[in-house]
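Colleague: Here's a sequence, model it:
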Amino acid sequence: MTVRRIRVIPDPALRQKAKRVTRINDSTQRLIDDLVETMRAAPGVGLAAPQVGVSLRVIVVEVPEEPLYTLVNPEVVKKSGERRVEEGCLSVPGYKATITRSVSVTVKAQDRTGKPCRIKATGLLAQALEHEIDHLNGILYIDYLSSMDELVPVGASETEGEGALTSGI
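Modeller: Predicted coordinates for the structure are as follows:
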């Protein structure tokens, strides 16, 4: 496993729509392992392949008190409710903002073995899944802001980016 370099704005890799994975092979397995290693080293609670410069629809999510999710070709098939959440991103280091996310989501995907799966999530897990799936579509949380003036610098005493429960995904 390798810790890969996380791409940050304005890297064009973050704005491309990722390609569907058509075959899960050894290369896909290595990518998943590297994403997990990179996410944990950051530290973060989620990471998408485009954030390490790979334009494939693969994400990993690991929030407290939930299992590690390694998802291939994930898509949100149902959303309900709205809630305001504070969010940050490893690809937008040093900042956070309050945006609107769903209260609950249902995601369908394949696990790392190719087996179809469905996840019903609420709270931080729903937020992380929406955030990472947005990355696969070239969307960053800052796209939900009406102005970049809404970004708040992360304090020096806080953990930056996606790893801090109080400051983001």
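
Colleague: what comes into contact with the helix ranked longest in the chain?
Modeller: Secondary structure of the chain per DSSP state H: the longest helix is helix 26-41. With CB atoms under 8 Å, 6 or more residues apart in numbering as the test, helix 26-41 has contacts from 1-4, 6, 21, 45-49, 52, 54, 56, 58-60, 62, 68, 70, 72, 112, 162. C-betas here are computed from N, CA, C, even on glycine.

Colleague: Next secondary structure after it?
Modeller: Counting by DSSP states H and E, the element after helix 26-41 in chain order, helix or strand, is strand 46-48.

Colleague: what helices or strands is whatever helix or strand comes next after that next one leaning on?
Modeller: Downstream of strand 46-48, the first helix or strand assigned by DSSP H and E is strand 58-61. Using 3 or more CB pairs under 8 Å, 6 or more residues apart in numbering; DSSP states H and E, the elements in contact with strand 58-61 are helix 26-41, strand 46-48, strand 69-80, helix 123-136.

Colleague: The same query, at a cut-off of 10 Å, please.
Modeller: Packed against strand 58-61 by the contact rule (3 or more CB pairs under 10 Å, 6 or more residues apart in numbering; DSSP states H and E) you find helix 26-41, strand 46-48, strand 69-80, strand 104-110, helix 123-136.

Colleague: Parallel or antiparallel, which strands does the shortest one pair with?
Modeller: Right, strand 46-48. Strand partners for strand 46-48, identified by DSSP bridges, are recorded as strand 58-61 (antiparallel).

Colleague: And the fourth one, by the same measure?
Modeller: Paired strands of strand 104-110, with direction, are strand 69-80 (antiparallel), strand 116-122 (antiparallel) (DSSP bridges).
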